[in-house]
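Undergrad: predicted model follows, preceded by the sequence.
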Amino acid sequence: MRIQSIITIAVCLVASASCSPISSGLKKYRQPFKIGFDNAFKIDPSSSLSVKKDFSDLRGGGKAVAPKAVPAFLKWAYSAVGLATTAAWTTIVITTIRSNQPLGAIMPCMQHGLVNRISVLSAVPLILSSYGLLRSAADSDTWDKLSSESCRRQNLVLVATGVASALWVNFAPTITKIPGSELSHQVYTGLMKQALLGAFTSGAALSAYVWKNSLPEDTPLLSLPGRVVDGVAKSIVSIAPVDPDYPINVKYSLLTTGFLILTAIQVLGPHPLAVIPSWTGRRLSRAFPVWTLLAAVTSFDLKESAEKGKVLLHDNQILSRGIRGYGVVYLASKVGAVLFDPSFPVHYPAVQAVPGWAAAAIIFTTLTLRSDVVGDTLSNFVKEDIEFVKKCFGVTEKDQKKN
C-alpha cells in the first residue's frame, strides 16, 4: 500500500511538472524521466516498450545516411582494368620466357618455352574470374553486392596483386638477376615499363577505391590497416572446414591452405625451392606468387559459400570456374613438359633438385578439378561447364532452338 502511494505521488509530480511553466533549459533534463514513466505505465500489454533504438543523433553521430548509388562507370572500369591486367601479365610471360632473355640465353627447344609459358598463364582464368565477379556485382543500383565479404576480399587481394606486380616490374633487374653475372632475365624500360606499371597500379587503385566505399560505415583512414589485419586474422583462423563430412567444404579448405603454402614457398623459399609450382627458374618464380595468393583468397571465398549452401549460385560459380581453369591450364603444362618437351628433365635442374615438392604441387592441383556437386558424374560435370559458359555469353535454350 505504501509503495503504491509513492508511485502515485511520483506520477502526479511528473504530470504537474510537465504542465508548469519552466525554462526550456530544464525541459531537456525532465524529458528522459517522463519517457520512462510513460513506458513503465503503458496499459497495452501486447505492445512492446516504445524505447528509442536509434541513438545516433544523441551521440552526435547524425542520422543514418541514405544508401549510395553505384557509379555507372564502375562495371566498365572493372572490365577495362581486368583486361589490362590480363594483357600486362601475358606480356610479362611472353617477353620473359624466351630466347636471348638475356642475350645469349637460348631456349633448348621450342616446346620448352611453350610449356613454361602455359604454366604461368594458368593465372589468366583466376584474373578473369575475379574481375568477372566484381563487374557482375558492380552492375547494380546499390552497394549491397560490392559490400559483401567475398567482394571485399577480392578487392583487397587485387590491391595486393596490383601493387606487388608493379614492384616486380620496377625491380625486375634485381629480382631476376643471374648469380655470378651482371645480367638479368628481365629489364623493362621506357614505354613498355610505363604501360605495365599503369596496368597494375590502375587495377590496385580501382579495387582500393571500391573497397573503401563498400565499408558499412564511414571508417577513418587511420583505422583501415587495423580493419585489414583483423579481417586477415579472422580468415586465417577460419580456414578449417565447418563440416568435415561435406566434401566441397573440405575441398576448398584444402585448396586455401595449399595455395597459401605455395605462395609462402615462392616468396620466402630459397632457390631452387621457389620454382615450385611455376617451374620457371629465376625468370618468373618470384612474380607468380601474387596469383597463387589470389587463388587462395578465391578458394576461401568458395569455402565460405559452401558453408552457407551458396556455392552453386552463379556468382560463386564464376570464381569456381576460375579455380578450375587454373588447374586445367597448369596440369596441361606439366603433362606437356614431361611428355612433349625433349629437354625434360635435363633442362629443368631446379625442378630436379626438389622432385618431391614438384610432384606434391601437381597432385595438389588435381583437387581443383573436383566438381562442386557431391556425387557428380563426369558427363554431368562437363555438361555443367558447357551450360555455365553459355549462360555467361547469354545463350539460352530458346536461342539454341532458333538456331
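TA: Cool, the structure landed.

Undergrad: what's the domain layout of this protein?
TA: Taking automatic domain parsing as the domain assignment, the record places the domains of the chain at 2-40, 74-224+232-391.

Undergrad: helices or strands next to the helix or strand harbouring F200 in the packing?
TA: Using DSSP states H and E, F200 maps to helix 190-213. Under the contact criterion of 3 or more C-beta pairs under 8 Å, 6 or more residues apart in numbering; DSSP states H and E, helix 190-213 touches helix 74-96, helix 123-138, helix 149-170. (Each C-beta comes from the backbone N, C-alpha and C, glycine too.)

Undergrad: what is the mean pLDDT for that helix?
TA: Per-residue pLDDT values over helix 190-213 give a mean of 97.

Undergrad: could you do stretch 285-293 as well?
TA: Per-residue pLDDT over stretch 285-293 has a mean of 98.

Undergrad: same question for stretch 156-167.
TA: Over the span of stretch 156-167, the pLDDT mean works out to 98.

Undergrad: alpha carbons of that stretch, as CSV, please.
TA: Output in CSV follows, covering the C-alpha atoms of stretch 156-167 (Å, rounded to 0.1, in the frame of the first residue of the first chain):
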residue,chain,number,x,y,z
LEU,A,156,41.7,-6.3,-51.2
VAL,A,157,43.7,-9.2,-52.8
LEU,A,158,43.6,-7.4,-56.2
VAL,A,159,45.1,-4.3,-54.4
ALA,A,160,47.9,-6.6,-53.2
THR,A,161,48.4,-8.3,-56.6
GLY,A,162,48.5,-5.0,-58.4
VAL,A,163,51.0,-3.4,-56.0
ALA,A,164,53.2,-6.5,-55.9
SER,A,165,53.2,-6.9,-59.7
ALA,A,166,54.1,-3.2,-60.1
LEU,A,167,57.0,-3.6,-57.7
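
Undergrad: how about that stretch: buried residues?
TA: L156, V157, L158, V159, A160, T161, G162, V163, A164, S165, A166 (16 or more other C-beta atoms under 10 Å).

Undergrad: likewise for stretch 300-317?
TA: Judged by neighbour count (16+ other C-beta under 10 Å), stretch 300-317 contains these buried residues: F300, D301, L302, K303, E304, S305, A306, E307, V311, D315, N316, Q317.

Undergrad: again with stretch 347-356
TA: For stretch 347-356, using 16+ other C-beta under 10 Å, the buried residues are Y348, A350, V351, V354.

Undergrad: ok, so of the buried residues of stretch 300-317, who is nearest K177?
TA: When the buried residues of stretch 300-317 are ranked by distance to K177 (C-beta to C-beta), F300 comes first, at 34.2 Å.

Undergrad: now do the helices in the stretch 251-400 of the chain.
TA: For the stretch 251-400 of the chain, the helices identified by DSSP state H, counting those that start in this stretch occupy 281-284, 289-307, 314-340, 349-353, 355-365, 378-392, 397-402, in order along the chain.

Undergrad: and the fourth one, what does it pack onto?
TA: Other elements packing on helix 349-353 under the criterion 3+ C-beta pairs under 8 Å, 6+ apart are absent; no helix or strand qualifies.

Undergrad: quick check: mean pLDDT of the following helix or strand past the helix holding F200?
TA: The first helix or strand that comes after helix 190-213 along the chain, using DSSP H and E, is helix 224-236. Model confidence over helix 224-236 averages 91 on the pLDDT scale.
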